[in-house]
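>>> sharing a sequence plus its predicted fold:
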Amino acid sequence: MNVIESLSYNEKKLLLALDEVGGSTTPEEMIGSGKFDLEVEVMGAASWLSTKELVTITE
């Protein structure tokens, strides 16, 4: 199984959204743009992607 196949729906959604905005954004901007409805969706996906070393979370 490749990496893409192992990602959840929200992980894939977040990677696509990050690509659209140039790779860096905030949870608030993701919600404001209509990409996600809840901060917990963004942060959960970001956390798992970070664990898989596919994104970096900064403060």
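Received the coordinates, thanks.
>>> check which residues of stretch 20-34 are buried.
Within stretch 20-34, the residues scored as buried using 16 or more other CB atoms under 10 Å are 25, 27, 30. Yep, even glycine has a C-beta here, placed from its N, CA and C like the rest.
>>> verify the stated contact: the second one with Val40.
Put plainly, it is Pro27. No - counting by CB atoms under 8 Å, Val40 is not a contact partner of Pro27; they are 9.1 Å apart.
>>> rewinding a little: which one among the buried residues of stretch 20-34 gets closest to Val55?
Lowest distance from Val55 to the buried residues of stretch 20-34 (CB to CB) belongs to Thr25, with 10.9 Å.
>>> any idea how far the closest one is from Glu5?
25 Å (CB to CB, to the nearest Å).
>>> so where is this structure shaky, pLDDT-wise?
1 (pLDDT under 70).
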